[in-house]
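>>> the following block contains a protein sequence and its predicted model.
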Amino acid sequence: MNTPESTLVHGATAIFQCDGVTACYDRIPVIFGIDLELARGEVLAILGPNGAGKSSLLGSIAGVVQGAGRIELRGKQLGNLPAHARAAAGLAFVPEGRRNIFPTLSVADNLKIGLRLAPKSERDRIARFIVRLFPSLEERIATSAAMLSGGEQQMLAISVALGRDPTLLILDEPSQGLAPSVLELLEDALAELRTRDLAIILAEQNIDFASRLADRYIVLSQGKAVASGFRKDITDIDKIAAAYFDVPGAVNA
């Protein structure tokens, strides 16, 4: 792993590591050698403008985009595994646009699908936790996902991912299109998840939202990591903007 251990907050031990991750479409490379590591209860924000490669990076880690590199979760190598095996190993992915939910199915049926990878003995406990985390879903339990508001759909998408009782939760643009009041609910929920030692990777364009959650961040530009830092630096708009446009000297400034 090329990233020094000191990048982790408070010198914590990494449970997730990836080294030299790439991604490509039709053999055209779009992500170039990204290294990441994450500890329990830590949130890492992946920042960058549209087209920077955030979704491609997350997709490569989750196994839904063609890629390469060493990917390790709790000591298990995932890089050569298909997406469903990575999910079974403890990696949960919520793609942009909430594409992990089934619009024609009810909230209840979507949650049941999410719980299938969890041990049967744990499913009731996980379901109770999800309802406590997002109580509005219980009120809409018989409603089809297509009839939910955007905020409710995002809550459902995260809940489906949590049904697997994951070690690592990967979220792609979760704040997209959500009202400020819904963002507050989502922020509270993610803060609760981190207290339960869930590691979270959060790809975002909403820097304000990311700054309230992330312990650390990296900035992507044209598929490369061009800057990184800690929470206190995320609100340094000049530094982040310089990194967005890959200005020389912006890396780890």
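Looks like it arrived, so ask away.

>>> stretch 43-59: which residues count as buried?
Applying a neighbour-count criterion of 16 or more other Cβ atoms under 10 Å, one finds 43-48, 52-59 buried in stretch 43-59. From N, CA and C alone the C-beta is placed, and that goes for glycine too.

>>> let's see which of these end up in strands.
Among the buried residues of stretch 43-59, the ones falling in strands (DSSP state E) are 43-47.

>>> picking that back up, let me know the closest of the buried residues of stretch 43-59 to Met147.
Ser55 (26.5 Å; Cβ to Cβ).

>>> OK, contacts around the closest one?
Neighbouring residues of Ser55 by Cβ atoms under 8 Å, 6 or more residues apart in numbering: 95-96, 172-173, 203.

>>> swap in 7 Å and give it another go.
For Ser55, the contact set (Cβ atoms under 7 Å, 6 or more residues apart in numbering) comprises 96, 172, 203.

>>> correct me if wrong: the last one contacts Ile46.
Yes: taking contacts as Cβ atoms under 7 Å, Ala203 lies within contact range of Ile46: 4.2 Å.

>>> so Gln154 versus Lys76, what's the distance?
As judged by Cβ to Cβ, to the nearest Å, Gln154 and Lys76 stand 29 Å apart.

>>> likewise Gly150?
35 Å.

>>> following element in sequence after the host helix or strand of Ile15, please.
Ile15 belongs to strand 14-25 when assigned by DSSP states H and E. Following strand 14-25 in sequence order, the next helix or strand is strand 28-39 (DSSP H and E).

>>> now which of the contacts of Ser55 would you call buried?
For the contacts of Ser55, buried by 16+ other Cβ under 10 Å: 172, 203.

>>> inside helices: which ones of the contacts of Ser55?
Using DSSP state H, no member of the contacts of Ser55 falls in helices.

>>> would CSV of the contacts of Ser55 with pLDDT and distance to Arg212 be doable?
Compiled in CSV, the contacts of Ser55 are given as follows (pLDDT from 0 to 100; distance: Cβ to Cβ, whole Å):
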residue, pLDDT, distance to Arg212
Glu96, 93, 20
Asp172, 96, 18
Ala203, 96, 16
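
>>> okay if I get the contacts of Ser55 as a markdown table plus distance to Asp26?
As requested, the contacts of Ser55 are exported to a markdown table (distance: Cβ to Cβ, whole Å):
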| residue | distance to Asp26 |
| --- | --- |
| Glu96 | 20 |
| Asp172 | 21 |
| Ala203 | 22 |
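
>>> which ones among the contacts of Ser55 are found in strands?
172, 203.

>>> looking at the chain, which helix is longest?
helix 180-195.

>>> does anything pack onto that one? Which helices or strands?
With contacts defined as 3 or more Cβ pairs under 7 Å, 6 or more residues apart in numbering; DSSP states H and E, the packing partners of helix 180-195 are strand 199-204.

>>> ok, Gln154 and Lys76, which is more surrounded?
Gln154 (28 against 14; other Cβ atoms under 10 Å).

>>> list phi and psi for that one.
Backbone dihedrals for Gln154, given as degrees, to the nearest 10, come out at phi -70, psi -40.

>>> next structured bit after the helix or strand containing Ala68?
Element membership of Ala68 [criterion: DSSP H and E] is strand 67-73. Per DSSP H and E, the first helix or strand lying C-terminal to strand 67-73 is strand 76-77.
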